[in-house]
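Dropping a prediction and its sequence here:
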Amino acid sequence: MKKALITAGFAAALAVTGHSAIAQGKGATWPKEPDSVFGIKLGQPLNDDLIPYCIDDDPPKPGQLTLCSEDPRDGRGVSEITRLPIPEFGKGLISRHQGAVSSVFFHGSNDNYQHIKDVLLERYGKPTSSKLDNVQNKAGASFKSEELTWRGSRVSLMLEQRSGTVGDFLVTFTHMPTAKAALRQEEKKTKSAADLL
């Protein structure tokens, strides 16, 4: 689930921001462009000691983030986070490239979509782009799905009303320079694997 969510979210972020936008680090003017989310600094190394374990009922130690992880030291560059300061954000994933945070994803029930949208609009201002699509569930029923995107010089933020399933929203914060480096590494890995065939 983690890998599928990260792959889907990262692919969507690339599609909206455009591979060339990530490669060049160019974006629209976004006066409220963030450098962190819930205390997680985008594009910066993240020390696992800053993320308390969820099994601890004690409040976070001084200097630790308020969220928690089931296993922040999983060694895969991905940390699943819960106990978010805004519970409607559901669960999250922190994706890292060489220790630096490349993306932070949040997914939760579509019942909370409007609240999440209102919070993001209040905090980050008007999106740089938006679109409306139709998505289908497995039974073929069609649902409207809104997609809002904010893009700055280094960070992009995307809110998808329905992602993965019609019942879940997805919020993706992407640090574009770090994501660019991760993308290059993945392309290199794919080419190396193809050369072995």
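Structure received.

Any figure for the gap between residue 61 and residue 52?
Distance of residue 61 to residue 52, given as C-beta to C-beta, to the nearest Å: 7 Å. Heads up, the C-betas are built off the backbone N, CA and C, glycines and all.

These two: who's more crowded?
The neighbour comparison of residue 61 against residue 52 (other C-beta atoms under 10 Å) goes to residue 52, with 19 against 10.

residues contacting the more buried one?
By C-beta atoms under 8 Å, 6 or more residues apart in numbering, residue 52 lies in contact with 60-61, 64-65, 68-69.

let's see it at 7 Å
By C-beta atoms under 7 Å, 6 or more residues apart in numbering, the residues touching residue 52 are 60, 64, 68.

so how far is residue 66 from it?
Distance from residue 52 to residue 66, counting by C-beta to C-beta: 9 Å.

Give me the common contacts of those two.
Residues touching both residue 52 and residue 66 (C-beta under 7 Å, 6+ apart): residue 60.

roughly how far apart are residue 141 and residue 132?
Look at residue 141 and residue 132: by C-beta to C-beta, they are 17 Å apart.

and the closest residue to residue 90 other than its chain neighbours, how many neighbours does it have?
Distances taken as C-beta to C-beta, 6 or more residues apart in numbering place residue 108 nearest to residue 90, at 2.3 Å, with adjacent residues excluded. Neighbours of residue 108 under the rule other C-beta under 10 Å: 22.

again with residue 195
Using other C-beta under 10 Å, residue 195 has 7 neighbouring residues.

again, but for residue 166
Using other C-beta under 10 Å, residue 166 is surrounded by 18 other residues.

And for residue 118?
Residues lying near residue 118 (other C-beta under 10 Å) number 10.

Mind pulling up the pLDDT for it?
Here the pLDDT value assigned to residue 118 is 97.

Same question for the one 4 residues further on.
The model reports residue 122 with a pLDDT of 97.

roughly how far is the one helix or strand it maps to from the heart of the chain?
Secondary-structure assignment from DSSP states H and E places residue 122 in helix 113-124. Distance, stretch centre to chain centre, for helix 113-124: 15 Å (C-alpha atoms, centre = their mean, to the nearest Å).

Counting by contacts, list what it packs against.
Applying 3 or more C-beta pairs under 7 Å, 6 or more residues apart in numbering; DSSP states H and E, one finds that helix 113-124 contacts strand 155-160, strand 168-175.

Count the neighbours of residue 135 for me.
Close neighbours of residue 135, defined as other C-beta under 10 Å, add up to 16.

cool, and residue 171?
25.

One more: the one 10 residues further on?
Neighbour count of residue 181, defined by other C-beta under 10 Å: 17.

mind checking how far stretch 111-128 is from the chain centre?
Averaged C-alpha coordinates place stretch 111-128 at 15 Å from its chain's average position (C-alpha atoms, centre = their mean).

got the residue ranges for the helices in this protein?
Remark: helices assigned in the chain by DSSP state H are 2-17, 19-24, 113-124, 176-196.
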